[in-house]
Every structure is written in C-alpha cells, then in structure tokens.
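> Compute the structure for the input listed below.
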Amino acid sequence: MNTINTVTFRQKFEAYKRNPVSMILFSLVMFATVLTILFILFFLGYILIKGIPNLTPSLFEWTYNSVNVSLVPALINTLYMVGIALLISAPIGIFSAIYLVEYAKRGNKLVEIVRLTAETLSGIPSIVYGLFGMLFFVIALGWGMSLLAGAFTLSIMILPLIMRTSEEALKAVPDIYREGSYGLGAGKLRTVFKIVLPSAMPGILAGVILGIGRIVGETAALIYTAGSVAEIAKGRDFLFDSTRTLAVHMYALTSEGLYVNQAYGTAVVLLVIVVLINWFSEAIAKRLQRF
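Numbers count the residues shown, from 1 in each chain. Just a heads-up that it's a prediction; the model follows:
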C-alpha cells in the first residue's frame, strides 16, 4: 500500500511539474499545510512550556482566594456550563436537522429560511449574544447574572453550529441505506433512529465537539450574563448563582496583571480538557458505529 501511494504521489508530482500553474498551486497547498502544522506545534509548545511549571498544588485547592487563585471553582463551573448548554441546544439542533433532512419536502421555503437564519446567527459576534443575554435573560426575565443565564446564552450561540453540522452529516448518509431499510419493512421513524442517525453520528459529534470548544473558550458573552464570581455554584438555587468559567478566569487573571503565570497554568488545564473531550467523543462515535 505504501509503495502504491508513493508511486501515485510521484506520478502526480511529475504531472504538476509539467504544468506551471498546477505546480504553483501544489506548492501553495503544501506551504499552507506545513505552516498550519508548525503554528499548531508552536502554539502547543508555547502553552506547555509556559504553563506546566506553574501547575502548583495551590492552583488546585478547592476554594479560591487572592493567594492561591485556584482554578477548581472555575473548572467545575465550566463543566456545569457545558452540560446545561448542551442539554438545551443539542436536542433542539439535532432534531431540527432531522426534520430539515428527513421530513421537510425539498424546495420548502421554511427550510430555506431556517438555513439562512442559522447561517446568519453563526456570524454574529459573541459580544452581541452577551448583550442580548444580559437584556433578556438577566434583566427582562430577572435571572440576574447567573449560571442559567450564561448557559441559555451559550446554547443560542452554538445551536446554529450543531444544527448545520448535523444536517450535513445526515445528508452524507447514502440514500441506499434508507431504501434498504424501507425495503425490509421498517418505517420512517425506525429508519431514522436505527439506520441514519448511527451512520451520521461521527459528523453530529463533530458539531457537538465544536460547540463544546466554543463554550469552553467563550468570555465576552459570559461576562455580561454569568458574571465573574470565583466560587462554585452550589445549593438548591445554584443555577442562579453568579459564576466564572475557566476562560473568564484566565481573562480575569491576565487583566489584573498580577497572576499571569497562573493564567498560563490554567491554559494548560483548559487544553487538556479539550483534548480529553475530543478523545472521549471519538471513542463514543466509534462505539456507536459498531451498533
């Protein structure tokens, strides 16, 4: 297989050499690829070199104070925020995509409006979402700066992303799968949930992962809706407690200018969390494909 791939690559390269335009485009693509890899390696290396030496035990104490600037409360609040936001947006986004692909008639104007609206919402800056969340959830509904207000704001932000990626994943499932299921006597609902969804699950999870990444890295929207209190949301009314996530925690530390080293340590933890989420989601997708 490696020999075949090498021969094919050499043949393509020789063909590119005979055509100057193709050679230029090929060189640009290779340059962009190498540049992207180098940038990722530099970014990861810089964060790890700066952050790992600052991962002290005091950074992982249960309560936050001005001495230890612990990230644990922000970490727990981040998990809360991710869970609540996904609980709201993921079912709505996935079921909306199922309707658009499997049930809506082709050429339906409602489908076109929904897609245009989703694409428009995807391009709105996060600070605009933050202002909307502050005016609607915080002030109009009277929730105050709280975990719930931040989660609802973030769920609106990532809803178009999950819906569009889920829609494309469902479209990528070959129609022969559906036809085979119908030919065996399965109904529409059974076909969607037993045949189409498992096949599209890797693409759907990719959208969910992108949504998680946006939640974890969001600051502007949460400053206006969730606040920046460095305490764990707890108690019976923990959803209405003002909190800060890891990204807001990093922003607060760097803006104060006194805890820049601790901010680098927090960045390492945030990076590890994102990697673990990607690995866990990929493992789930492979397991679902087996069934």
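> what helices or strands is the strand or helix carrying Pro198 leaning on?
Taking DSSP states H and E as the definition, one finds Pro198 inside helix 197-217. If you count contacts as 3 or more Cβ pairs under 8 Å, 6 or more residues apart in numbering; DSSP states H and E, helix 197-217 packs onto helix 72-98, helix 147-171, helix 246-256, helix 260-290. (C-beta placed from N, C-alpha, C; glycine too.)
> then the third one to CSV, C-alphas only?
As requested, C-alpha coordinates have been extracted for helix 246-256 and formatted as CSV (Å, rounded to 0.1, in the frame of the first residue of the first chain):
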residue,chain,number,x,y,z
LEU,A,246,-12.0,28.8,33.0
ALA,A,247,-11.8,31.2,30.1
VAL,A,248,-13.3,34.0,32.2
HIS,A,249,-10.9,33.0,35.0
MET,A,250,-7.9,33.3,32.6
TYR,A,251,-9.2,36.7,31.4
ALA,A,252,-9.6,37.9,35.0
LEU,A,253,-6.1,36.8,36.0
THR,A,254,-4.4,38.4,33.0
SER,A,255,-6.3,41.6,33.1
GLU,A,256,-5.3,42.1,36.7
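> what's next to that helix, contact-wise?
For helix 246-256, the surrounding residues in contact (Cβ atoms under 8 Å, 6 or more residues apart in numbering) are 69, 71, 74-75, 78, 216-219, 222-223, 226, 228, 230, 244, 259-260, 262-263, 266-267, 269-270, 273.
> what about 6 Å?
Residues outside helix 246-256 that contact it (Cβ atoms under 6 Å, 6 or more residues apart in numbering): 74-75, 78, 217, 219, 222, 228, 259-260, 262-263, 266, 270.
> Now do the buried residues in that helix.
Leu246, Ala247, Val248, His249, Met250, Tyr251, Ala252, Leu253, Thr254 (16 or more other Cβ atoms under 10 Å).
> quick one: the following helix or strand past the helix holding Pro198 to chain centroid distance?
Sequence-wise, the next helix or strand downstream of helix 197-217 (DSSP H and E) is helix 220-225. Computed by Cα atoms, centre = their mean, to the nearest Å, the chain-centroid distance of helix 220-225 equals 17 Å.
> Numbering from 401 from now on, please.
Taking 401 as the first residue, the last one we looked at is helix 620-625.
> picking up where we left off before, let's see if you can find the most crowded of the contacts of helix 646-656.
For the contacts of helix 646-656, the largest neighbour count, defined by other Cβ atoms under 10 Å, is 31 neighbours, found at Leu622.
> Tell me the secondary structure of Tyr464, please.
Under DSSP: H, G, I helix; E, B strand; the rest coil, the three-state class of Tyr464 is coil.
> if we can go back for a sec, of all the helices and strands packed on helix 597-617, which lies closest to Lys588?
helix 472-498 (10.6 Å; Cβ to Cβ).
> Looking at that closest one now, give me its mean pLDDT.
Averaging pLDDT along helix 472-498 gives 92.
> before we move on, back to that, check the buried residues of helix 646-656 against Tyr464 and report the nearest one.
His649 (8.7 Å).
> Quick check, pLDDT for the closest one.
89.
> With Asn405 instead?
The model's pLDDT for Asn405 equals 49.
> Val421 now?
Value listed for Val421 in the pLDDT field: 75.
> any idea how far it lies from Ser427?
Relative to Ser427, Val421 is positioned 11 Å away (Cβ to Cβ, to the nearest Å).
> out of the two, which sits in the more crowded spot?
Neighbours around Val421 and Ser427, counted as other Cβ under 10 Å, are more numerous at Ser427. The numbers are 11 against 8.
> host element of the more buried one?
helix 420-451.
> helices or strands next to that helix in the packing?
Where contact means 3 or more Cβ pairs under 6 Å, 6 or more residues apart in numbering; DSSP states H and E, helix 420-451 is packed against helix 402-418, helix 660-690.
> In it, which residues are buried?
For helix 420-451, by 16+ other Cβ under 10 Å, it's Phe426, Ile447, Lys450, Gly451.
> again, but for stretch 485-500
Ala485, Leu486, Ile488, Ser489, Ala490, Gly493, Ile494, Ser496, Ala497, Ile498, Leu500.
> That's all I had, so thanks and see you.
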